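Undergrad: Here's my sequence, what's the structure:
(2 chains)
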Amino acid sequence: MSSGTTGGQDKRALYWLGERLIDYRHPVMIVVLIITGYFAYLSSQLKLETSFGDLLPQSHPFVQIHNKYAPTFGGANNIQLMVEVRDGDIFTVPTLARIYRITEEMDRVYGVNHNQIDSIGHRTTRYLRAQSGGFLKAEPVMLSVPKTADDAAQIKRIVHNTESIYGILVSLDDRAALVRANFIESRLDHRRTFSEINENVIAPFQEGWIGAMIKGRDPLKPDQNAPAVVDTVYRGTAAADAGIKVGDTIVSVNGKPVGNRAELAAAIKPFKPGTELSLGVQRGEAVETAKLMVPERDMDIFVAGEPRLYGWVYSYASDVFWILTVTYCLEWLLRWMYFHDWRGALRPTLTGLIAAFWGLGFVHIIGFALDPLILVMPFLITARAVSHAIQMHDRYYEEFERHKWNQREAIVASFAELFVPTFSGIATDALGVLVIILVPIRMLFNLALVASWWILAITVAELLLNPIVYYYLRAPDPEVVLARDRGWYKALINRVTDWNLSGTGKITVLVFWGVLAIIGAYLMRGLIVGDPTSASPLVWSDSPYNVSHAHIQDKFGGVEPLIVVAEGHDRDAMKDPQVLRTMEKFQRFLERDRDVGYSFSLTDILRAVNMVFHELEPKWGVIPNTSRDVAQTFFIFFSGSPPTETAKYVDPSYTTAHVTFFARNHKGDNIARIIKRCQEFMAANPMDKAEFKLAGGLIGVLAAANDELVRNDLLMNFLGFGTIYIIVLFTYRSWAAGVYLLAPLFISNIIINAAMAVLAIGVNVNTLPLVTVGVGFGIDYGLYIMSRIIEEIRVNGDLELSIREALVTSGKAVSFTAVCMVMSTALWTFSNIRFNAVMGGLLAVWMFVSFVASETLLPVMISYFRPAFILREAARARARQPVAATAAAVS
Amino acid sequence: MGLWESVIIVTVFSIGVIVIDEFIHARRRKRREREGAARVGH
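TA: Purely as a prediction, here's the structure:
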């Protein structure tokens, strides 16, 4: 065992610093506590929020085009709501009435762009009506709620004869209708959108539907409550059977008061079909009771789109609290069992807590909000803080025994001896994660700053406050300290270390890691940038969101928009037949891609109008030959519409329009292929009066994000490893030290990338920061072991003995910290958010692989190659010993 | 489970561990003292 004396001579300044910290403990403690209190206050102001713009690389040309045209042509934040009947088709009065009301309610959801709603029940979805005298008029498909079967039949005829509706807003089998709404990015409030859609758009028409239309809020008085007044009762429905009449006000369900349509739906929703309910019905002044049998659901509503997806993610975000609670309690229990003393459980908690306050407070200072998808990150950083504290506490016990139970000497010695590996570990973690700022995505930039700061804040608790806390805490009983060297855990570490350093062990270790690296390198070729599956990887495949998404994709072919802007050089460019024909050709070209469902542009309107203008003869379904004819055709369609409605197709000066493709999914490789095909078409088909600009919509902005990630991924890896190498270079003053420490990390990195490829986890804005943090965190284990080997060789001069001593002392603490690290992230695998579950599991594997590599491969490499930078420490120590002996003799 | 429930549970749990630990160590100390006294008596 090391005496620490030789090391002590090299670390005089650190011993001095440790002593001064104890001497000046009161002012240091007060200052740290005041700052921590301030950060704790700021932490309490934090919010859970996702800013869509922050997820995008704002300097990318695609995103600039997206930002420029999203307010008029539609952005990336669309919600698609599909209404699907279980029997028959949608063209019945009750179903069409519900589609109309659903559209109306969707139009009232917070943040919706009122001019960018597509639905047969919305005023902006028009068809061309030929009137007597050859007069043509563009009218909304549904002007109001249909009342009779004739109204429903008329709507069916209109839908079947309108190319821009049939197959696009109504499915070809007539069983489903789509309501598509675009949201204004600056007004996105995922939680509010989610609850408003659930309560006002879905519940009253699906689970809460009783066969009667209940009046909603008055659009002119949106803040005024509207009682649940019955507007229409449909024949043969539960409401009709219960004797409910038009004009009744439903005031209670089974005695529970209901104040409006949403509350009525919420009250009925929990009951299964066939359950008899007592409805309190007010007729005039009297309140009567009606017995209502909850009906079987006749219609399903599916909702997909990014705002909905984030809504689900937010609804699952409270997972964090039970995971935090269980992790905390388990870790406390483990530390208590490891140290045989509650101080060993408490001390790392203080480090984690102080660092967390500093980190979260800083999040608030820079105006950043926590995203539910990065919640694993704070756990990982806190686990790292706790790990450093465990190392320190273990060393404190060791020094306490060595210094003959002198508390003050033990505190100072543990502080001074562990200062270098602790600080190097923190610096590599902090600077390693800082390289993420290279990716020009605001969210990643903020995240890198926060993570870096948070990690650096560990130094406050671990290096500044630590000696003071130990000084205040009562010293442990000697029997507690001695107990650490007994028991099964210590015996296990001894046995594993002996095997690892035996001849067979060394060869086995080298072969094992070599084979694993080769297999990993082979498998990691499947790693994808972007999303690897058509379902959203953020939630589980059987989650309500992914089920809805798949249903809508099946029915309508594609719902994820890619907006290509046709930007004219001058006014009226969009009336030029060559421009319009090129747009049409573009649509037909890209529709041949297997992952593009359908497309839409101004040319579809033009062809449809031209055909109606010529007695619906299909041969006239073409773009007119002259600009004048084009202009006249446009005039016919748009003349009765307000400019806000036409703007979604073309700007008022006819300079710019768009072609929108609806992709079936947003898989990374599909996006790359679709964008490549767009670029090929644009290069082969130049236009005189306009040019195509890529790209808006979800597919466009994801293409931009993936593009930046591909561009920066390799650079970030290089810089991440480079930063670690430089810090190690300064720590050990050796070019070779970095190679030894990075080798296990490099192999771990290969294995994790392979695991990501096998588990279908793509590199995207969510996974990248977690993966990068993992690179930095893996190095800490090696630093503690390497530092201990150097410390030991200064005392005993024997490399093999030093390696063994390092593994059974620091290595033992490292193994325990690894258990804690793995557990703190592994519990996330139970999260309802698939992304957090997968990333938690992946990081747990990463921490485990890094630990095993540092405990096995690193010592074996040092033993085999006998690095000069370690051996020279033994020579230096030998050179010092005669001098020290002479000095002792003289004194 | 919300933030405050979580905070209350972890605080109670920590205090529980501290109390149990102190109780165990106090019993061990007492036993040692008794054994020490018994040896002196012999």
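
Undergrad: Can I take it that A:Ile301 is in a strand?
TA: Yes - counting by DSSP: H, G, I helix; E, B strand; the rest coil, A:Ile301 is part of a strand.

Undergrad: For it, which residues count as its bridge partners?
TA: A:Val83 (DSSP bridges).

Undergrad: Next, count neighbours for it.
TA: A:Ile301: 20 surrounding residues under other CB atoms under 10 Å in any protein chain shown. For every residue, glycine as well, the C-beta is placed using N, CA and C.

Undergrad: got it, and the one 4 residues further on?
TA: A count of neighbours around A:Gly305, defined by other CB under 10 Å, yields 27.

Undergrad: Verify the stated contact: it with A:Ile79.
TA: Yes - between A:Gly305 and A:Ile79 there is a contact under CB atoms under 8 Å: 4.0 Å.

Undergrad: quick one: buried residues of stretch A:565-583?
TA: For stretch A:565-583, the neighbour count (16 or more other CB atoms under 10 Å in any protein chain shown) marks A:565-568, A:573-577, A:579-583 as buried.

Undergrad: ignore the last one, stretch A:68-87
TA: Result for stretch A:68-87 [16+ other CB under 10 Å]: buried residues A:69-85.

Undergrad: before we move on, what about stretch A:733-742?
TA: Buried positions in stretch A:733-742, judged by neighbour count with 16+ other CB under 10 Å: A:Ser734, A:Ala737, A:Gly738, A:Tyr740, A:Leu741, A:Leu742.

Undergrad: check contacts around the first one.
TA: Neighbouring residues of A:Ser734 by CB atoms under 8 Å, 6 or more residues apart in numbering or on different chains: A:Pro867, A:Ala868, A:Phe869.

Undergrad: need the residues you listed in JSON lines with distance to chain B, pLDDT and neighbour count, can you?
TA: Putting these into JSON lines (distance: CB to the nearest CB, whole Å; pLDDT from 0 to 100; neighbours: other CB atoms under 10 Å in any protein chain shown) gives the following:
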{"residue": "A:Pro867", "distance to chain B": "43", "pLDDT": "93", "neighbour count": "19"}
{"residue": "A:Ala868", "distance to chain B": "47", "pLDDT": "91", "neighbour count": "11"}
{"residue": "A:Phe869", "distance to chain B": "43", "pLDDT": "91", "neighbour count": "15"}
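
Undergrad: so of the residues you listed, which ones are in helices?
TA: Taking DSSP state H as the definition of helices, the contacts of A:Ser734 contribute A:Ala868, A:Phe869.

Undergrad: got the contacts of A:Ser734 as TSV, with distance to A:Tyr15 columns?
TA: Formatted as TSV, those follow (distance: CB to CB, whole Å):
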residue	distance to A:Tyr15
A:Pro867	27
A:Ala868	28
A:Phe869	24
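
Undergrad: Wait, A:Phe52 touches A:Ala76, no?
TA: Yes - with contact defined as CB under 8 Å, A:Phe52 counts as touching A:Ala76 (7.3 Å).

Undergrad: what number of residues lie near A:Ala461?
TA: 26.

Undergrad: mind listing what the residue positioned nearest the centre of chain A touches?
TA: The centre of chain A sits closest to A:Leu373, judged by CA atoms, centre = their mean, with a distance of 3.4 Å. The neighbours of A:Leu373, taking CB under 8 Å, 6+ apart as the test, are A:Thr50, A:Val313, A:Leu538, A:Asn766, A:Ile833, A:Phe835, A:Asn836.

Undergrad: from the buried residues of stretch A:733-742, which is closest to A:Trp336?
TA: When the buried residues of stretch A:733-742 are compared for distance to A:Trp336 (CB to CB), A:Leu741 wins out at 31.8 Å.

Undergrad: what about the closest one, which helix or strand?
TA: helix A:735-758 (DSSP states H and E).

Undergrad: Centre of the chain to that helix, how far?
TA: 25 Å (CA atoms, centre = their mean, to the nearest Å).

Undergrad: The longest helix along chain A: how far from the chain's middle?
TA: Counting by DSSP H, the longest helix found in chain A is helix A:697-732. Its chain's C-alpha centre and that of helix A:697-732 lie 18 Å apart, by CA atoms, centre = their mean.

Undergrad: The helix or strand containing A:Met213 - which strands sit beside it in the sheet, and in what orientation?
TA: Here A:Met213 is covered by strand A:212-214, with elements defined by DSSP H and E. Note on strand A:212-214: by DSSP bridges, its sheet partners are strand A:228-233 (antiparallel).

Undergrad: what's the next secondary structure element after the strand it pairs with?
TA: helix A:238-241.

Undergrad: Flag every buried residue along that next one.
TA: A:Ala238, A:Ala239, A:Asp241.

Undergrad: which one of these is nearest A:Val795?
TA: A:Ala238 (85.7 Å).

Undergrad: Secondary structure element holding residue 29?
TA: By default, I'm working from chain A. Counting by DSSP H and E, A:Met29 is found in helix A:25-43.

Undergrad: Not quite, go with chain B.
TA: Here B:Arg29 is assigned to helix B:3-41, by DSSP H and E.

Undergrad: Kindly report the same for A:Glu567.
TA: Counting by DSSP H and E, A:Glu567 is part of strand A:560-568.

Undergrad: so the helix or strand just after that strand versus strand A:560-568, what angle?
TA: Using DSSP H and E, the helix or strand that follows strand A:560-568 in sequence is helix A:577-591. Inter-element angle recorded for helix A:577-591 and strand A:560-568: 160 degrees (by axes from the mean of the first three to the mean of the last three CA atoms, to 10 degrees).

Undergrad: quick one on the thing from earlier: which one of the buried residues of stretch A:733-742 is nearest to chain B?
TA: Using CB to the nearest CB, A:Leu741 comes nearest to chain B of the buried residues of stretch A:733-742, at 35.2 Å.

Undergrad: The closest one and A:Asp780 touch, don't they?
TA: No - the criterion here is CB under 8 Å, and A:Leu741 misses it with A:Asp780 at 10.1 Å.
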